[in-house]
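1. I'll drop the sequence and a predicted model, then ask my questions.
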Amino acid sequence: MHNIQLKNGQLQHLLCIEGLSRRIIEDIFARADSFLDLENNNVKKTDLLSGKTICNLFFENSTRTRTTFEIAAKKLSADVINLNVSTSSQSKGESILDTINNLIAMHADMFVIRHNQSGAAHFIAKHINKNIKVVNAGDGYHSHPTQGLLDAFTIRHYKKDFKKLKIAIVGDIKHSRVARSEINALSILGVPEIRVIAPQTLMPYGVKDLGVIPFDNLDHGVKDVDVIMMLRLQKERMDSALIPSQEEYFKTYGLTSKRVELANPDCIIMHPGPMNRGVEIESSVADSNKAVILPQVSFGIAIRMAVMSLLMEKK
Ligand code: CP
């Protein structure tokens, strides 16, 4: 699936993390650093994408991803169209490719696409004019590449050396596109120990093939880790009840302040959002000084600026 996003080693689309080189990820991080420097020097906008039109097509709900893509595009001086899918002609039976091709006829240069079907962004990238760029903003349970990148970028900000880290990803691994993108990004960046912690019903089949260490006991799994990444239960992707109850889940897999004490004293706590307080994470933990959940959101703007500017660069 990843071949289409690269041509002669250059990024053409961003569809997933698999297949990206460490060089490309570090290039994205260096660009994000430069955008953060501009922000810190009170430069609010650059004209890198002036005259370009970016279409946000979100067929699934979003708060963080959609808004930060829009902010990022505007900071690059692009024109942004947020297509309201529920009031678009999709509801009259128009195919997704016809919708896309109509937007291309209106001179769209890039599509940012979220869809509940795994492979949707890849399908679109494969069938449109080669000059038009596609960014996957989350497809089914397959991939959420900019989330994986911004999470790794956040870890790099607080922890510096990926090669010394033990990282735990906790929760509904089975239905999580975020977990897959995080695991891929952190593996490429050289993290030596990635643990995934979930009940058997929320652990994907063949998880060890991803190069991670599975745990079904949260206390054992978070022991001595440097980073804890929490995930919510993705009920919209479950076709049957996979946990006894939310209360039971919190007792066994909820991150409490007592459990945080088992990790390294300087560990950071992450969550891609949306967060369900009292289900996967205790409210006091989410608001503690170890939590970097809101900085993750802010770093998402710089990472998305970096990805969009890289894709639009003449090659
Ligand atoms: N992390 C994330 O994808 O959040 P949204 O669903 O709000 O975009």
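-> Cool, got the structure. Quick caveat, the model's predicted, so the values are computed rather than measured. Numbering: from 1, shown residues only.

2. how about the residues of the stretch 101-250 of the chain near the ligand?
-> Residues of the stretch 101-250 of the chain lying close to the ligand (CB under 6 Å from any ligand atom) are Gly138, His144, Gln147. Any C-beta I mention is one placed from the backbone N, CA and C, and that applies to glycine too.

3. hang on, isn't the last one packed against Val135?
-> By that I understand Gln147. No: using CB atoms under 8 Å, Gln147 is not in contact with Val135; the gap is 11.7 Å.

4. picking up where we left off before, narrow the residues of the stretch 101-250 of the chain next to the ligand to those in strands?
-> With DSSP state E as the criterion, strands contain Gly138 from among these.

5. With pLDDT and neighbour count added, can I get the residues of the stretch 101-250 of the chain next to the ligand in JSON lines?
-> Compiled in JSON lines, those are given as follows (pLDDT from 0 to 100; neighbours: other CB atoms under 10 Å):
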{"residue": "Gly138", "pLDDT": "97", "neighbour count": "27"}
{"residue": "His144", "pLDDT": "98", "neighbour count": "27"}
{"residue": "Gln147", "pLDDT": "98", "neighbour count": "25"}
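
6. Looking at the residues of the stretch 101-250 of the chain next to the ligand, which is nearest Ile71?
-> Of all these, Gln147 has the smallest distance to Ile71: 15.6 Å, by CB to CB.

7. re earlier: closest to Met203 among the residues of the stretch 101-250 of the chain next to the ligand?
-> For those, the residue nearest Met203 by CB to CB is His144; the value is 18.9 Å.

8. quick one: pLDDT of Leu36?
-> Reading off the confidence values, Leu36 has pLDDT 98.

9. Now for it: which residues touch it?
-> The neighbours of Leu36, taking CB atoms under 8 Å, 6 or more residues apart in numbering as the test, are Phe299, Ala302.

10. Check which helix or strand it maps to.
-> helix 22-40 (DSSP states H and E).

11. so what strands line up beside the helix or strand just after that helix?
-> As assigned by DSSP H and E, the chain's next helix or strand after helix 22-40 is strand 53-58. Within its sheet, and counting by DSSP bridges, strand 53-58 is paired with strand 79-83 (parallel), strand 110-115 (parallel).
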